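S.K.: the following comprises the amino acid sequence and a computationally predicted model.
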Amino acid sequence: MAETVFTDLVRRAGLERSIAVMSAGTGDWHVGEPSDDRTLTALAAQGYNGSGHRARQFDPAWFADLDLVVVFDRSQERILKAWAGNEQDRSKVQLLLSFDGEQAELGDVPDPYYSDAAMFDRVLGMTVRACTALFRQITPAIRQGVT
């Protein structure tokens with residue numbers, strides 16, 4: 001969800017040459033698979049197209065090329081910080097909801113996988129709000145050429 005939403009924000013702002021977006025999990029359970037049908041349905045209902053997404057597992061070697069690693073929950077945060085080779089890389093790992101003042105206290109985005117379609121819609125709403133807040137925070141620096 002977040003990759004699709006954030007990529008759409010980047011595209012609409014014309015910043016595709018300045019901001020790269022990718023999604024990866026900490027586990028290898030679904031590598032190569034498309035998004036869950038309920039995710040695709042929730043995204044489509046809001047005008048997003050997530051059909052091109054394929055799951056992959058995060059590779060710690062990527063830290064060197066990444067400015068920010070956004071995670072959905074504290075479990076992912078803990079794992080990725082453990083995989084980081086140094087404090088600089090650990091500092092790149094941030095909770096998605098931390099960028100949205102109204103949702104920050106929640107900490108974790110709930111995992112809707114074992115829930116119903118309504119939960120996927122709720123999670124998408126949370127994700128859109130937090131991605132929009134994050135995008136608003138980084139856009140001024142991107143437009144000024146700051147990395």
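M.R.: Yes, it's here. Residues are numbered from 1 along each chain as shown.

S.K.: make it CA atoms for all contacts and neighbour counts henceforth
M.R.: Will do.

S.K.: longest helix in this protein, by residue count?
M.R.: helix 117-143 (DSSP state H).

S.K.: helices and strands around that one, which ones?
M.R.: Packing partners of helix 117-143 (3 or more CA pairs under 8 Å, 6 or more residues apart in numbering; DSSP states H and E): helix 2-12, helix 37-45.

S.K.: nearest to Val69, of these?
M.R.: Between Val69 and the helices and strands packed on helix 117-143, the shortest gap by CA to CA is with helix 2-12, which sits at 11.7 Å.

S.K.: buried residues of that closest one, list them for me.
M.R.: Using 16 or more other CA atoms under 10 Å as the burial criterion, the residues of helix 2-12 that qualify are 2-10.

S.K.: helix, strand, or coil at Arg54?
M.R.: At Arg54 the chain is in coil, as set by DSSP: H, G, I helix; E, B strand; the rest coil.

S.K.: before we move on, back to that, could I get the helices and strands packed on helix 117-143 as CSV with mean pLDDT?
M.R.: Converted to CSV, those look like this (pLDDT from 0 to 100):
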stretch, mean pLDDT
helix 2-12, 97
helix 37-45, 96
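
S.K.: Ile79: which of those is closest?
M.R.: Ile79 lies closest to helix 2-12 among these, at 18.9 Å (CA to CA).

S.K.: against Ala130, how distant is Val5?
M.R.: Val5 sits 10 Å away from Ala130 when distances are taken as CA to CA, to the nearest Å.

S.K.: ok, Gly101 next?
M.R.: As for Gly101, its distance to Ala130 is 9 Å (criterion: CA to CA).

S.K.: okay, the two: which has more neighbours?
M.R.: Higher neighbour count among Gly101 and Ala130: Ala130, with 26 against 11, using other CA atoms under 10 Å.

S.K.: so the more buried one is in contact with Leu95, correct?
M.R.: No: using CA atoms under 8 Å, Ala130 is not in contact with Leu95; the gap is 9.8 Å.

S.K.: ok, now how distant is the closest residue to Ile19 other than its chain neighbours from Phe135?
M.R.: Closest residue to Ile19 apart from its sequence neighbours, by CA to CA, 6 or more residues apart in numbering: Val10 at 6.9 Å. With distances taken as CA to CA, Val10 is found 8 Å from Phe135.
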